[in-house]
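1. Build me a model from this:
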Amino acid sequence: MFWLGLLLLLAAPATALHRLAGTGDHAPLFAALAALNGLTFVFYWFDKRRAQAGGGRVPEIWLHALEFAGGWPAAFTAQQILRHKNAKTGYQIVFWSIVVLYEAVSIDAALGWSLGRDLAGLLH
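-> Okay, here's the model as predicted:
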């Protein structure tokens, strides 16, 4: 069920990235995202190990910054695999807010920014 959920969450961002990248070389973008997600998973793993050992922890703001920068898929994966940060309500509210923001922006990008233009028109 976890993998299906992750694939569903990645559908809109992948579509948006493909649309925004056009016909150019996608390799550097995907390499940067892979590195960022790898780093995010390592930070979660390190924080989990430090929590178990009773040592100094990774500040939550760093974990959220990595999620916001694009590492939310690895954060979602780490939360499920490592069973870390998944029961802390305050943390989950911020995490899922980041995911929802990514989904909304991705859907708007995939639709050619029509929602953003409509919203901008309402504000003027």
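2. Show me what the lowest-mean-pLDDT helix or strand in the chain is packed up against.
-> Ranked by mean pLDDT, DSSP states H and E, the helix or strand of the chain with the weakest confidence is helix 114-123, at a mean of 73. The criterion is 3 or more Cβ pairs under 8 Å, 6 or more residues apart in numbering; DSSP states H and E, and the helices and strands that helix 114-123 contacts are helix 89-110. C-beta here means a position set from N, CA and C on the backbone, and glycine is covered the same way.
3. by how many degrees do the helix it packs on and helix 114-123 diverge?
-> 100 degrees (axes from the mean of the first three to the mean of the last three Cα atoms, to 10 degrees).
4. Buried ones in helix 89-110, by neighbour count?
-> 91, 94-95, 98-99, 102-103, 105-106, 108-110 (16 or more other Cβ atoms under 10 Å).
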